[in-house]
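In: next comes the sequence, and after it the predicted model I'd like to discuss.
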Amino acid sequence: MKKARTSQLIAIFKFEYAGYLQKRAFLMMTVVFALLGIFANLLAGRGMGGGFSFFRFAEFYQKPVHAAFSLGPAALAEGAEDIITPDYLRKYTHGNYIWKYVEGADEESAENMVKKGDYKIFVYYDASRSESQDEKSYASGLRQLSLYQDTDPTTSASAEITARIENAFTAALRENYIKTLPDSAQPAAQRAVDLRAGAALKQVADTKSTGFVLAYGLIFLLYITISSHSHFAANSVIAEKTSRAAELLISSVNPASLMFGKVFAAAAAAFTQFGIVAAASAPVAARNFYLLGEQAKNAAAAGGRQASPARLISMEQAFSPHLWVSFALFFILGYFMYAFFFAAAASVVKRAEDAGSVTMLPTVVLLFGFTVSVFGSMSGADSTIMRVFTFIPFFSPMVTFARQCMGVARAPEVLTAMALDFAGVILMGLAGAKIYQAGVTLQGKTFSPKDIAALFTKKT
Amino acid sequence: MSEPSHSQETYSIEVSGLTKAFGKKTALDGLSFSVPGGAFGLLGRNGAGKTTCIRVIMGIFTPDSGSVRFSHDVSVGYLPEERGLYSERRVLDQMRYIGQLRGLPDEVARRRATALLEELDASQYKMMKLGQLSKGNQQKIQLAVTLLHEPDIIILDEPFSGLDPINSKLLKDLINKQARAGRTVIFSSHQMSQIEEFCEEIAIIKEGKCVLSGNLREIKKGYPALGVYVETDGPLEDAESALGSAGLKTARKGGGLVVTLSEPDRKDFVLRALQDGGVPISVFSVLRPSLEDIFVERA
């Protein structure tokens, strides 16, 4: 029995999949997407001399980041200005940051300059004298920096640049301190000194963060791909229903097998399409990556003085493998969830002309999830509503991924969301099969929400 | 098509007390009948419950109560009333697909599909898209799909609708062949002449209940004679005169006379009147109600 079902599932999959490959509309759509992929990569290459398809991100990343710092009286008294220079900080934060020393600026003026948009980041450092001396009389302790920035401090991008600035100041502090020791004591001090600089983050503006741009772009991509390809399954059901082949099929096959076979075939068709688009774009994308690498090398050779499109923070985030793995998994989960939803909705269609009205419900739910993920990210990626929606399967793929891009979703949350999504997909598939079975045999009859509810409360 | 695996065994179905409601509408209301094998006609007006009954037999609907029992572990071929296949796919591809869904290996499905298309004089369409064929030819393909896995029981819901006389004959021949091969063929139809032509057994459904079922000949015997048909070797006028003198009403039909009986059992009186009038009788047959008459009365 199980073997027979598997054979049927394979037969359905093969037949449906072959159907996509023979469909003129599908082939044309694939060609159009492939051309768009190539075009996007060409634009990316032209705009930034390298990069990836999302040229809008690239354009954003390409801009040099203007940053500034100021040293307070205590820091100056310690001779910090000898080490902490614009060039010194640029080496730590890479060439895309253009650092400037603003003499005499205090914390208030630093904040105002960031607010006005003169600088994206302003570091005010005034070494505290609170550190202790250990038994060998080496200094240790934490010295505080004030770091003003116009990006969301909760993002991983912000965490990355903060860490780099802290490292820069920690190294400067240590070097400055060790220089004050006798030559003979310096090697031991290199190992023993435990001076660290810690940044107090102060967000002063609500402009878009790199995390948001990335999240927005990828969520949009997620929404578009789920939305366009979930319709494949719906169209397949509608075609079957309007051709009246459905009754013949469900007299031979378990409706769940039929539904799953259709959705798997639609998924395979979608992935085939993505594969073709990726393969077509690959040569141009490869050229872009080559140019990008060249620019990064040039920037490094110039001591980081040139503005590089490979702004480390953005590129690291953009090419973070775990983000792309999440993207793929959330796409798969989201795709299956909505494909079953669309297919179930399509099976209650009376006539082909009614397809738009019945697929409105899944479309609205999908759009709602997209809206929540985008606007939720803007207003607070870690807000209660975003956290709650993380665990609701219909919205979870986009909302959880948005939170992940913004650097606020913890790994257990992401894994729990994925597990719930997986369970949701199975339940949606089974529920969809039940609705499908009832829906396909009711040509000409209106199938009300009450009828659907009845399917789950009594035998059909 | 090969013979069924259980050579000349009959495949019977017992339908007992089926009920099925859709909301407030009761489609089947304690429906019971037996299909003993051979060709079986399922009759009823539109909305009487025939298609719902067939869908329950096929397992598409679960009944609210009652049961359907098959005499063997059988395979069933089904031609639904709401039929159709994929208009954008090639005939042979979809026949292979349906064959595989019914458990045939691809190669076997391909071979049988090819053979059936030849038998139905439709092999020239096998590489064409179904949508390119005429309605009648599409019907043939659908019938071929129904028979592809060589089912023990064949259920045909309104199989003749939309067929021209030539294709109807082709279908009739095929159904006869299946029945002769020992397969059980159940079909519903509004065309009583076709049911009468094929079926030994019938069931008439009305408002979800079985109002009449059994052997068609026996059912007809149970109905009183409506008249007598007479042909004579002599002049027809002599017969008319003899019967008229006995107070019987006559009407010419074909080469003979139809004598209306005022009382069902007066056929002997007709025979005596003819003999008394010296009319040489060549044909004397009792007219029983047709299936259509029975249907109109009971359904």
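Out: The structure has been received and is ready for your questions. Numbers count the residues shown, from 1 in each chain, chains lettered A, B, ... in the order given.
In: drop to CA atoms for contacts and neighbour counts, all remaining ones
Out: Will do.
In: so, low pLDDT: which residues of the stretch 301-450 of chain A?
Out: Applying pLDDT under 70 to the stretch 301-450 of chain A flags residues A:301-320, A:407, A:440-447.
In: where along it do the helices fall?
Out: With helices called from DSSP state H, counting those that start in this stretch, the stretch 301-450 of chain A shows them at A:312-318, A:321-346, A:355-358, A:360-380, A:384-389, A:396-405, A:411-440, A:449-455.
In: straight-line length of stretch A:178-190, end to end?
Out: Stretch A:178-190 has its terminal residues 7 Å apart, counting by CA to CA, to the nearest Å.
In: now do the buried residues in it.
Out: A:I178, A:Q186, A:A189 (16 or more other CA atoms under 10 Å in any protein chain shown).
In: quick check, pLDDT for the last one.
Out: Think A:A189. Note on A:A189: pLDDT of 75.
In: so it sits in a strand?
Out: No. Counting by DSSP: H, G, I helix; E, B strand; the rest coil, A:A189 falls outside a strand, being helix.
In: go ahead and confirm A:R244 touches B:E82.
Out: Yes. The pair A:R244 / B:E82 is scored as a contact, 6.0 Å apart, by CA atoms under 8 Å.
In: what are the bridge partners for the nearest residue to B:Y229 once chain neighbours are set aside, then?
Out: Nearest residue to B:Y229, sequence neighbours excluded (CA to CA, 6 or more residues apart in numbering or on different chains): B:V258, at 4.6 Å. Note on B:V258: beta-bridge partners by DSSP bridges are B:Y229, B:A251.
In: in contact with the residue of the stretch 101-250 of chain B found nearest chain A, which residues?
Out: In the stretch 101-250 of chain B, the residue that lies nearest chain A is B:L101 (5.2 Å; CA to the nearest CA). B:L101 makes contact with A:S7, A:Q8, A:A11, A:I12, A:S252, A:V253, according to CA atoms under 8 Å, 6 or more residues apart in numbering or on different chains.
In: what is the nearest of the residues you listed to chain B?
Out: Distances from chain B to the contacts of B:L101, taken by CA to the nearest CA, are shortest for A:Q8, at 5.2 Å.
In: which residue is the nearest non-sequential neighbour of the closest one?
Out: Nearest to A:Q8 is B:L101, by CA to CA, 6+ apart, at 5.2 Å.
In: quick one: stretch A:418-437 to chain centroid distance?
Out: 25 Å (CA atoms, centre = their mean, to the nearest Å).
In: contacts made by it with the rest, please.
Out: A:250, A:255-256, A:258-260, A:330, A:333-334, A:336-337, A:340-341, A:343-344, A:347-348, A:391-394, A:396-397, A:452, A:455, B:60.
In: mark which of the residues you listed are buried, thanks.
Out: Buried among the contacts of stretch A:418-437 (16+ other CA under 10 Å): A:250, A:255-256, A:258-260, A:330, A:333-334, A:336-337, A:340-341, A:343-344, A:347-348, A:391-394, A:396-397, A:452, B:60.
In: about what we covered before: of A:R244 and B:E82, which one has the most company?
Out: The neighbour count for A:R244 versus B:E82, taken as other CA atoms under 10 Å in any protein chain shown, is higher for A:R244 (21 against 17).
In: may I have the phi/psi pair for the more buried one?
Out: phi 60, psi 20 (degrees, to the nearest 10).
In: in contact with it, which residues?
Out: A:R244 touches B:E82, B:R83, B:G84, B:L85, counting by CA under 8 Å, 6+ apart.
In: most neighbours, which of those?
Out: B:L85 (28 neighbours).
In: where does that residue sit, in terms of helix or strand?
Out: Using DSSP states H and E, B:L85 sits within no helix or strand.
In: all strands for chain A, in order.
Out: A:65-71, A:97-101, A:121-125, A:132-133, A:139-149, A:194-203 (DSSP state E).
In: tell me which of these lies nearest to chain B.
Out: That would be strand A:65-71 among the strands of chain A, by CA to the nearest CA, at 56.9 Å.
In: and that closest one, average pLDDT?
Out: 88.
In: tell me how far it lies from the chain's centre.
Out: Going by CA atoms, centre = their mean, where strand A:65-71 is centred and where its chain is centred differ by 29 Å.
In: which outside residues touch it?
Out: Counting by CA under 8 Å, 6+ apart, A:80-81, A:96-106, A:118-126 sit against strand A:65-71.
In: name the residues that touch stretch B:157-170?
Out: So stretch B:157-170 is in contact with B:51, B:54, B:78-81, B:120, B:135-136, B:139-140, B:171, B:187-190, going by CA under 8 Å, 6+ apart.
In: which of these ranks first by neighbour count?
Out: B:Y78 (28 neighbours).
In: grab the nearest non-local neighbour of that residue.
Out: Going by CA to CA, 6+ apart, B:Y78 has B:I155 as its nearest residue, at 4.8 Å.
In: strands paired with whatever helix or strand that neighbour lives in, and their directions?
Out: Assessed by DSSP H and E, B:I155 sits inside strand B:153-157. Strand pairing for strand B:153-157, using DSSP bridges, gives strand B:76-79 (parallel), strand B:184-188 (parallel).
In: tell me how far the longest one lies from the chain's centre.
Out: Centre-to-centre, strand B:184-188 and its host chain are 6 Å apart (CA atoms, centre = their mean).
In: next secondary structure after it?
Out: Strand B:184-188 is succeeded, C-terminally, by helix B:192-198 (DSSP H and E).
In: so which elements touch that next one?
Out: strand B:39-44, helix B:291-298 (3 or more CA pairs under 8 Å, 6 or more residues apart in numbering or on different chains; DSSP states H and E).
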